[in-house]
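Student: sequence and predicted structure, then a few things I'm wondering about:
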There are 2 protein chains.
Amino acid sequence: MTDFLPTQPYKGSRDFYPEDKRVHDFIFAKCREVVQRYGYREYDGPILEPFELYAAKSGEEIVNTQLYSFTDRGDRRVAIRPEMTPTLARMVAAKFQELPKPIRWFSVPNLWRYERPQRGRLREHWQLNVDLLGGDRGLADLEIVQIAVALLSNFGAPKQSFEIRVNHRGLVDALFREELKLEPAAALKLVKLVDAKAKMKPEAYAAGLLTLGLDEKAQARLDAFFALRLENLASEFPGPASAELGTLLQTLGDLGLSEAVRLDTTIMRGLDYYTGLVFEAFDLNPENNRALFGGGRYDNLIGLFGKQSLSGVGFGMGDVTLRNFLEGHRLLPEFSSFADVFVTCPSRNELEAALAISAELRGAGLRVVDALSFEGFGAQLKSAAKQGCVFAVLLGEDEIRRGVLAVKDLRSGQQFEVERRGLAGRLQQSLRPAL
Amino acid sequence: MTDFLPTQPYKGSRDFYPEDKRVHDFIFAKCREVVQRYGYREYDGPILEPFELYAAKSGEEIVNTQLYSFTDRGDRRVAIRPEMTPTLARMVAAKFQELPKPIRWFSVPNLWRYERPQRGRLREHWQLNVDLLGGDRGLADLEIVQIAVALLSNFGAPKQSFEIRVNHRGLVDALFREELKLEPAAALKLVKLVDAKAKMKPEAYAAGLLTLGLDEKAQARLDAFFALRLENLASEFPGPASAELGTLLQTLGDLGLSEAVRLDTTIMRGLDYYTGLVFEAFDLNPENNRALFGGGRYDNLIGLFGKQSLSGVGFGMGDVTLRNFLEGHRLLPEFSSFADVFVTCPSRNELEAALAISAELRGAGLRVVDALSFEGFGAQLKSAAKQGCVFAVLLGEDEIRRGVLAVKDLRSGQQFEVERRGLAGRLQQSLRPAL
């Protein structure tokens, strides 16, 4: 006896059946709409990249425990992309001279990380990546935060459903390194500790601080920093970083976005390459209170590839958490059917006439399913309904002779007659625009 | 001194800069348009699959020399998909009972094979996969061939630019196995020999035939078969296969497709899983006379996964050869610019007004690029032109006060004035619908 193969997809990955693929495509079509209206251009790269691309710059955790890498048949070490930024950097560096600046690019890659699958986290996910390279720092940061808000708003997300929490790594570094005198490595540890704070017990957090040599006075200073409000930003933590952040938040307020964007000095972003603005979008649904996506400003994106330098600001938004957000707030639409019209065909004698009608309807932009068996109207209508069609055109010898067709609306069960030459127009009229 | 990383993509793969990505998206958007009008539904699966999925069914050449496979951190042997059919089979088998039949599905996966890169063949390519599972064989075959023609016609391909060459494996098998008495393995070798015939020297081909034990009489019979025309099909090679093929070609002729589709008994398709109709679309460009894509009918798609059985017909069309075809026949359109309007902003004082105008234009569906520096009009117009915008809105203190905006058409250099409240309408009117 044969052993049958299992039908499950590889662990942590997903099959997209047509119903899922449609939701997936809807989500990223709405995203593309927004970023294209800001003049962003879509790019893509291969899913396999040289291993060195990640070894050099991605975080240690990614490379050592999460990267899918292997040696190809030609002895090259390659990796499946775990993030898009290294590919972006490589592509920009390759055409640095000829690309007009500022560069506004986006991409929707699938990314792989070897993770233990859990809610909101899978081994394969898709991620909208938006990056703005060059230009005035403040204006570029402003644009990226506006886009982050616009992306969620474009799904119809109400004001109370999310907020963008912003911080500035310059502010953090001034406090951690200059004021608290932490060495870079210790400062990075503190960043990670603060990142994890929300998920930790207070004692564990306090113990972590002690390990870093932070005394009570330092801890009080940290607490004051984390409780900081926009009004006191400039006075309590003066400097270029707080000025930049203050101007950003002020301008966003002028644009009517003060509810959607607020200062949150606990936002750190673990990756050490952020150098200015950092932000995270949060789902405010009490049942799903979590970060939706995040990003920030980075320096010298292309330094690995040559002596040129280019700084930028951007973010990545994953499909799994975004879909959770949209479902939680009931922001996914009802989708229309996959097909509009079923054209019946009782026997081979009517085949030519039936296919001519189908061709005409397709020419008018309708989605038409042809009968794939010669059966009676009863069986064909059943098939039309199972295939999710909205209308069925009932075609028989008699109808062809008379030049008048019977049409059944499969939603209502109503049947009506249409002259052959008016068929396409009548059906188009009855169908709402498809999603 | 640091060693810089190279900027090339991994061998045999491509970077899609925005100009390339746009062509790529255009090509598959046109394909989706056609198959969706035939009621096909898009699906997708993960790029990593269990190795066993290919070991069992894909050709030996693929698994032994072309498959990208490796062992993951959890000791599972996985492979990057080299073709989509095994994933299709797995997904259909997993939901066999609940999926309404016939199943009309399509997908646009990226596929990987370890190959020596050459014209029309890369390690990573994208492929439109169209499959129709279930239904009457003859009607299903007819639909798939119609779709193959419609796909190329939808790009505006003229009649003389391509043709679909069809054959039937039942016809081939009757001749090779029953009449020439070749064992299955020898018959398969003959199939491959015939597939390669066009690229071989006549002597090598004849020598290959001799190796298979085919004498002069057998060779003459083969030659007669390969010269077969539709008129003589039923009389010279009677049987169910020639009847099926004859009906198909007859019906296609009735539908006006006799120029686009013709009998060609040399079409074999190497893969041994085809069991009925086989076909290949050919580019008739004398400078690129080659197969564009091909497919056919297969039995028992899901047999690896259980006792159920489902036969189907389908094809896969790769992006590399398709793009060569479209370029060769000049069927790619001129693309519109990536952005419609650039909104200038001379200083921070005008920022709020400028961003309000941008927001309004975006709300009207326009693609708007904001200035990312406070500079004079000259510098900003230069930037607008570099970014490929069609219009620039010239916004200054004076314009804001007067409520009248100056707009420069960057294509013609013409400048005109528009009232603030009529701006969006005026610009929309001047822009042709974007691709």
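Tutor: Received, thanks.
Student: got the residues of the stretch 51-200 of chain A near chain B?
Tutor: Applying CB under 8 Å from any CB of the partner chain, we find that the stretch 51-200 of chain A lies next to chain B at A:52-53, A:56, A:65, A:68, A:70, A:72-74, A:76, A:78, A:80, A:87, A:90-91, A:93-95, A:100, A:102, A:104-105, A:110, A:112, A:114, A:124, A:132, A:134-136, A:139-140, A:143, A:146. Where C-beta positions appear, they are placed from N, C-alpha and C, glycine not excepted.
Student: give me the buried positions along stretch A:386-398.
Tutor: Within stretch A:386-398, the residues that count as buried by 16 or more other CB atoms under 10 Å in any protein chain shown are A:Q387, A:G388, A:C389, A:V390, A:F391, A:A392, A:V393, A:L394, A:L395, A:G396.
Student: cool, and stretch A:252-271?
Tutor: Neighbour-count burial for stretch A:252-271 flags A:252, A:255, A:257, A:260-269, A:271 (criterion: 16+ other CB under 10 Å).
Student: and for stretch A:402-419?
Tutor: Applying 16+ other CB under 10 Å to stretch A:402-419 flags A:L405, A:A406, A:V407, A:K408, A:L410, A:V418 as buried.
Student: that stretch and chain B in contact?
Tutor: No. On the criterion CB under 8 Å from any CB, stretch A:402-419 is out of touch with chain B, staying 13.6 Å away.
Student: mean confidence for that stretch?
Tutor: Averaged over stretch A:402-419, pLDDT sits at 93.
Student: can you get me the start-to-end distance on that stretch?
Tutor: Stretch A:402-419 has an end-to-end distance of 9 Å (CA to CA, to the nearest Å).
Student: mind checking which of the buried residues of stretch A:252-271 are in strands?
Tutor: With strands taken from DSSP state E, the overlap with these comprises A:V261, A:R262, A:L263.
Student: test my guess that A:G156 contacts A:L331.
Tutor: Yes. Using CB atoms under 8 Å, A:G156 is in contact with A:L331, at 5.4 Å.
Student: which one's more surrounded, those two?
Tutor: More crowded of A:G156 and A:L331, by other CB atoms under 10 Å in any protein chain shown: A:L331, with 18 against 14.
Student: host element of the closest residue to that one other than its chain neighbours?
Tutor: Distances taken as CB to CB, 6 or more residues apart in numbering or on different chains place A:F155 nearest to A:L331, at 4.7 Å, with adjacent residues excluded. Following DSSP states H and E, there is no helix or strand that holds A:F155.
Student: pLDDT wise, what is A:Y38 at?
Tutor: 98.
Student: quick one, what contacts it?
Tutor: Shown in contact with A:Y38 (CB atoms under 8 Å, 6 or more residues apart in numbering or on different chains): A:R104, A:E143, A:Q146, A:I147, A:A150, B:R362, B:R367, B:V368, B:V369, B:D370.
Student: what about those, which one has the most neighbours?
Tutor: A:R104 (29 neighbours).
Student: for burial, what's the neighbour tally of the residue nearest to it when sequence neighbours are not counted?
Tutor: Nearest non-adjacent residue to A:R104, counting by CB to CB, 6+ apart: A:Y40, 4.5 Å away. Residue neighbour count, defined by other CB under 10 Å, stands at 25 for A:Y40.
Student: surely A:Y40 and A:N129 touch.
Tutor: No. Applying CB under 8 Å, one finds A:Y40 not in contact with A:N129, separated by 10.2 Å.
Student: now the common contact residues for those two.
Tutor: Common neighbours of A:Y40 and A:N129 (CB under 8 Å, 6+ apart) are A:F106.
Student: just the buried residues of the residues of the stretch 51-200 of chain A next to chain B.
Tutor: Buried subset of those (neighbour count, 16+ other CB under 10 Å): A:52-53, A:68, A:70, A:72, A:78, A:80, A:87, A:90-91, A:93-94, A:102, A:104-105, A:110, A:112, A:114, A:124, A:132, A:134-135, A:139-140, A:143, A:146.
Student: in strands only, show me the residues you listed.
Tutor: A:Y68, A:F70, A:V78, A:I80, A:R104, A:W105, A:N110, A:W112, A:E124, A:L132.
Student: hang on, the earlier thing: okay, the contacts of A:Y38 in TSV with pLDDT and distance to A:P286 next?
Tutor: Converted to TSV, the contacts of A:Y38 look like this (pLDDT from 0 to 100; distance: CB to CB, whole Å):
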residue	pLDDT	distance to A:P286
A:R104	98	36
A:E143	98	31
A:Q146	98	27
A:I147	98	26
A:A150	97	25
B:R362	97	32
B:R367	97	37
B:V368	98	36
B:V369	97	39
B:D370	97	36
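Student: roughly how far is the helix or strand bottoming out on mean pLDDT in chain A from the heart of the chain?
Tutor: Least confident helix or strand, chain A: helix A:60-61 with a mean of 74, by mean pLDDT, DSSP states H and E. Computed by CA atoms, centre = their mean, to the nearest Å, the chain-centroid distance of helix A:60-61 equals 24 Å.
Student: same check on stretch A:226-235?
Tutor: For stretch A:226-235, the distance to the chain centre is 32 Å (CA atoms, centre = their mean).
Student: what do you get for stretch A:411-431?
Tutor: 39 Å.
Student: got any ranges where the stretch 1-150 of chain A has weak pLDDT?
Tutor: A:1-2, A:57-59 (pLDDT under 70).
Student: please name the nearest non-neighbouring residue to the residue in it that chain B sits nearest to.
Tutor: Distance from chain B to each residue of the stretch 1-150 of chain A (CB to the nearest CB) is smallest for A:G135, at 3.0 Å. Sequence neighbours aside, B:L372 is the residue nearest to A:G135 in space, at 3.0 Å (criterion: CB to CB, 6+ apart).
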